[in-house]
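>>> need a structure here:
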Amino acid sequence: MKLEHRKQKVASLPQFIIRMVRYACFAFLLVALSVGFGTAGYHHFAGTSWLDSFYMACMILTGMGPVADMPSANAKLFSSLYALYSGIAFLSVTAIFFAPVIHRLLHILHVEDAIFENN
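Residues are numbered from 1 along each chain as shown. Model prediction:
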């Protein structure tokens, strides 16, 4: 997933749309893997049903917070570590999704040229 260099022309709209679809698919894959990991962990460590585990993983991953008390020390430890991971994953997925848009905007505005000219 390579982006054009600052000396190259801005990608055409069809190329940009294809790039956005690729980045969005990669971001969705990361979200799906994160929710799957959290669902399996909550099911295993907290002993909740698959649906409740999925609900808990989605709530933690989106930053809404836990919805149930953890019954054991292992469940609390998993929940804590998953919450830390979720914060990083949320920021990473957001950055991956918006990277092509930000790159295109900076490329169009020639921000890099203006920075180098002032130095």
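
>>> can you report phi and psi for Leu3?
With angles defined as degrees, to the nearest 10, Leu3 sits at phi -100, psi 160.

>>> again with Gln8
Reported as degrees, to the nearest 10, the phi and psi values for Gln8 are phi -90, psi 160.

>>> tell me how many other residues surround it.
Using other Cβ atoms under 10 Å, Gln8 has 9 neighbouring residues. For every residue, glycine as well, the C-beta is placed using N, CA and C.

>>> could you list the low-pLDDT ranges of this protein?
Confidence mapping of the chain against pLDDT under 70 gives the ranges 1, 111-119.

>>> pick out the residue closest to the middle of it.
With distances taken as Cα atoms, centre = their mean, the residue of the chain nearest its centroid is Val93 (1.6 Å).

>>> what about that residue, which helix or strand?
Take DSSP states H and E as the rule and Val93 turns out to sit in helix 73-109.

>>> for stretch 41-49, buried residues please.
For stretch 41-49, a neighbour-count test (16 or more other Cβ atoms under 10 Å) marks 41-43, 45-46, 48 as buried.
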